[in-house]
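Peer 1: A structural model of the following input is requested.
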Amino acid sequence: MNYNEETKVLTISPEFNEELKEAIEGSDKESIVKSLAIDLGFGGVYSELICMEAEIKKEQKKLSEKELKNLRKAIH
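Peer 2: Numbering: from 1, shown residues only. Reported below is the predicted structural model:
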């Protein structure tokens, strides 16, 4: 992910889906919300909101392809 301060635009690379999936599934945290908050640095509140927006149960650990797509949309 790259954030352009001048244009205020967040750009997500095409490889982001796979990187996101690997980061979450490779995490030693017991849930997606904790992986987002701690491993990926989103913090607790944003991680909760991301899961809610993506319609993902925050307690789960594995992601389906649809859930991964929804998660990416929620982050972007």
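Peer 1: pretty sure residue 32 is touching residue 56, no?
Peer 2: Yes - counting by Cβ atoms under 8 Å, residue 56 is a contact partner of residue 32 at 6.2 Å. C-beta here means a position set from N, CA and C on the backbone, and glycine is covered the same way.
Peer 1: Give me the common contacts of these two.
Peer 2: Common neighbours of residue 32 and residue 56 are listed as 63, 71 (criterion: Cβ atoms under 8 Å, 6 or more residues apart in numbering).
Peer 1: more crowded one of those two?
Peer 2: Between residue 32 and residue 56, residue 32 has the larger neighbour count (other Cβ atoms under 10 Å), namely 25 against 21.
Peer 1: Report pLDDT for that one.
Peer 2: The model reports residue 32 with a pLDDT of 93.
Peer 1: With residue 57 instead?
Peer 2: So residue 57 comes in at 95 (pLDDT).
Peer 1: can you check residue 24 too?
Peer 2: Looking at residue 24, the pLDDT reads 85.
Peer 1: In terms of helices and strands, where is it?
Peer 2: Secondary structure assignment for residue 24, by DSSP states H and E: helix 16-25.
Peer 1: Convert the C-alpha atoms of stretch 35-44 to CSV, please.
Peer 2: Output of stretch 35-44 as CSV, limited to C-alpha atoms (Å, rounded to 0.1, in the frame of the first residue of the first chain):
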residue,chain,number,x,y,z
SER,A,35,-3.8,-9.8,13.0
LEU,A,36,-5.1,-6.6,11.5
ALA,A,37,-4.7,-4.6,14.7
ILE,A,38,-1.2,-5.9,15.8
ASP,A,39,0.6,-7.5,12.8
LEU,A,40,-0.6,-5.1,10.2
GLY,A,41,-0.8,-2.0,12.4
PHE,A,42,-4.3,-0.9,11.9
GLY,A,43,-5.1,-0.7,15.7
GLY,A,44,-8.1,-2.1,17.5
